[in-house]
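>>> Sequence first, then the predicted structure:
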Amino acid sequence: MDSNKVDFKTLSAEDQAAVLGAQRDEETGALLYAYMSKHEKKPENSKVLLQMSTDEKMHAAFWQSISGQQIKPDRLKLLRLKALTRILGYTFMLKRIAQDEGLAVTGYERLQSAIPEAGAMLVDEKRHEQELIGMLNEERLQYVGSMVLGLNDALVELTGTIAGLSFALQNTRMVALSGIITGVSATLSMAASNYLAERADGNTNALKSSVYTGVAYLITVALLVLPYLLLPDNLWAVALAAMILVVVLVILAFNYYVSVAKTVPFRRRFMEMITISMGVMVIAFLIGLLAKALLGVNI
């Protein structure tokens, strides 16, 4: 690629900004791919990621030859992406990168009219996207169904239970105690039921599947009970509102994760889970109100 054909100063302000942005993105991508290659256990995937890091570095050098400037990688973005890789997993991060590569393709198509050499990198970016999608194989995504089972059951059962107890007891500590006892018992029950069901279906990884279900359930229980542990006894209504917000955020975060990692529609799954969870919560809340009135309980 002969970069001497392009004079950076003759480019429009928009194209100059695009070149500098592309240079920084490529520098950042080179470091991220190198990091992922180092931490990837599968040799074939590690090799592809290392080659992609090399390609990104070459692209960055090309953009530098045009801009005449040395642009440092976006350290904050790099740190954030590394953290997401460790927390959310290899597959999720690669899917996110694949989406970014798709945006890069669009940017290069626009720059190609001003910088013909960008066409060669356009081919690389498209190849990157295909390689990324082709190499995805992460254990945790094989158990998304188990995680969904634990998460959904905890949200539906505990949201309704805690909502009902909130009005019936009107005491954050008592609601928290009841929620913890119910939640831990339900976690063990759900994990055991999942194990027996998977064993009956002949799944050799039944134990691991039940662990994913139990962990997802237990984490959800902890998040739902947390507002009641943090707030004073009399602020049960505030704790209930906080729990509802937690439910929405948990459903939002989990469905975003699954939609990216599994390439499935986000909006429909999100609305479905919200509708079910909130519907059960409202019914349980009304049952708590009715039970307190009929039984004449005053705590």
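Great, that's in hand.
>>> which phi and psi does the residue nearest the centre of the chain have?
By C-alpha atoms, centre = their mean, the chain has its centre lying nearest to residue 257, at 3.1 Å. Main-chain torsions, residue 257, degrees, to the nearest 10: phi -60, psi -50.
>>> How about residue 117?
phi -60, psi -20.
>>> Then residue 243?
phi -60, psi -40.
>>> same check, this time on residue 204
phi -70, psi -20.
>>> Next one: it from residue 196, what distance?
14 Å (C-beta to C-beta, to the nearest Å). (C-beta placed from N, C-alpha, C; glycine too.)
>>> With neighbour numbers in mind, choose between those two.
residue 196 (12 against 9; other C-beta atoms under 10 Å).
>>> Go ahead and confirm residue 246 touches residue 222.
No - if you go by C-beta atoms under 8 Å, residue 246 and residue 222 don't touch, sitting 10.2 Å apart.
>>> Tell me which of these two has more neighbours.
Remark: of residue 246 and residue 222, residue 246 carries more neighbours, 18 against 15, as counted by other C-beta under 10 Å.
>>> Just the element for the closest residue to that one other than its chain neighbours, please.
If the residues on either side of it in the chain are set aside, residue 246 comes closest to residue 223, at 5.3 Å by C-beta to C-beta, 6 or more residues apart in numbering. Element membership of residue 223 [criterion: DSSP states H and E] is helix 206-230.
>>> And that helix, how far out from the chain middle?
Distance, stretch centre to chain centre, for helix 206-230: 17 Å (C-alpha atoms, centre = their mean, to the nearest Å).
>>> what do you get for stretch 152-162?
With C-alpha atoms, centre = their mean, you get 21 Å for stretch 152-162.
>>> Ok, stretch 279-286 next?
A distance of 28 Å separates the centroid of the chain from that of stretch 279-286, by C-alpha atoms, centre = their mean.
>>> on that earlier part again, could you give me the buried positions within the helix holding residue 223?
Buried residues in helix 206-230, counted by 16 or more other C-beta atoms under 10 Å: 206, 208-221, 223-228.
>>> if we can go back for a sec, my guess is the residue nearest to the centre of the chain contacts residue 91, does it?
No - Residue 257 lies out of contact with residue 91 (C-beta under 8 Å); the separation is 9.9 Å.
>>> Downstream of the lowest-mean-pLDDT helix or strand in the chain, the next helix or strand is which one?
When each helix and strand of the chain is scored by mean pLDDT, DSSP states H and E, helix 139-142 comes last, with a mean of 60. Remark: after helix 139-142, the chain's next helix or strand is helix 144-169, criterion DSSP H and E.
>>> got a list of what residue 279 touches?
Applying C-beta atoms under 8 Å, 6 or more residues apart in numbering, we find residue 279 in contact with no residue.
>>> What helix or strand is it located in?
Counting by DSSP H and E, residue 279 is found in helix 266-295.
>>> ok now that helix, how far from the chain's centre?
26 Å.
>>> residue ranges for the helices of the stretch 1-150 of the chain, please.
Taking DSSP state H, counting those that start in this stretch, the helices of the stretch 1-150 of the chain run over residues 13-39, 43-67, 75-88, 90-111, 118-134, 139-142, 144-169.
>>> Let's have those helices in CSV, adding mean neighbour count and distance to residue 190.
Listed next are these as CSV, based on neighbours: other C-beta atoms under 10 Å; distance: least, C-beta to C-beta, whole Å:
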stretch, mean neighbour count, distance to residue 190
helix 13-39, 19, 32
helix 43-67, 18, 33
helix 75-88, 14, 23
helix 90-111, 18, 24
helix 118-134, 17, 33
helix 139-142, 14, 18
helix 144-169, 22, 6
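>>> okay if I get the ones you listed as a markdown table plus distance to residue 283?
Listed next are the helices of the stretch 1-150 of the chain as a markdown table, based on distance: least, C-beta to C-beta, whole Å:
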| stretch | distance to residue 283 |
| --- | --- |
| helix 13-39 | 46 |
| helix 43-67 | 47 |
| helix 75-88 | 33 |
| helix 90-111 | 34 |
| helix 118-134 | 42 |
| helix 139-142 | 33 |
| helix 144-169 | 7 |
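>>> from what I can see residue 154 touches residue 223, true?
No - Residue 154 is beyond contact range of residue 223, at 9.0 Å (criterion: C-beta under 8 Å).
>>> Does residue 214 touch residue 188 like I think?
Yes - if you go by C-beta under 8 Å, residue 214 and residue 188 touch, sitting 7.3 Å apart.
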